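>>> Sequence first, predicted model second:
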Amino acid sequence: MTAFEEVLVALADPTRRHLLERLSRHGSATATTLAGELPVSRQAVVQHLAVLDRAGLVRGRREGREHRYELLTARLNELARWMDELAAQWDHRLEAIKLLAEAGADTAPRGAGSVSRPPGRPRPGRGRRGTSAS
């Protein structure tokens, strides 16, 4: 699994997203503190934090008897940059399609509103020779 896939899998769960939001608002916290805000057990929170840790989104560290977790933003920033690049690529493609469609609308002959089909493909509901397929 790639780093982006690990992050996306980790972000797919609403409980893990809540944990990330909590850590982003309040800084570091223990699993016990985080579990107090959720309808899941402390052990379930620890398991969610382990997934987030493997994805590089949080880091746990010992402070005396406690284990505190903090948000790491580097992977989120990398993912945001990748998503921005992907969005820009799609914007470029959609703009090209729009220009082609507008240019085609200006030069299309009358009655040319039908969708072209690959050769040898009958129209839906019709046989090979254009006759009704009953």
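It's in. Everything numeric in this text was worked out from a predicted model, so none of it was measured. Numbering: from 1, shown residues only.
>>> my read: residue 75 touches residue 3, true?
Yes. Using C-beta atoms under 8 Å, residue 75 is in contact with residue 3, at 6.7 Å. (C-beta placed from N, C-alpha, C; glycine too.)
>>> And these two? Which one has more around it.
More crowded of residue 75 and residue 3, by other C-beta atoms under 10 Å: residue 75, with 19 against 12.
>>> check contacts around the closest residue to that one other than its chain neighbours.
With C-beta to C-beta, 6 or more residues apart in numbering as the criterion, residue 75 has its nearest non-adjacent residue at 4.4 Å, and that residue is residue 56. Remark: with contacts taken as C-beta atoms under 8 Å, 6 or more residues apart in numbering, residue 56 is in contact with 3, 6, 7, 72, 74, 75.
>>> Next, residue 56: secondary structure please.
Following DSSP: H, G, I helix; E, B strand; the rest coil, we place residue 56 in the coil state.
>>> Need the overlap of contacts for residue 75 and residue 3.
Here residue 75 and residue 3 have 55, 56 as joint contacts, going by C-beta under 8 Å, 6+ apart.
>>> what about residue 52, which helix or strand?
Taking DSSP states H and E as the definition, one finds residue 52 inside helix 42-54.
>>> Can you point out the buried residues in the one helix or strand in the chain whose mean pLDDT sits lowest?
Here the helix or strand of the chain ranked lowest by mean pLDDT, DSSP states H and E is helix 74-107, holding a mean of 90. By 16 or more other C-beta atoms under 10 Å, the buried positions in helix 74-107 come out as 75, 76, 79.
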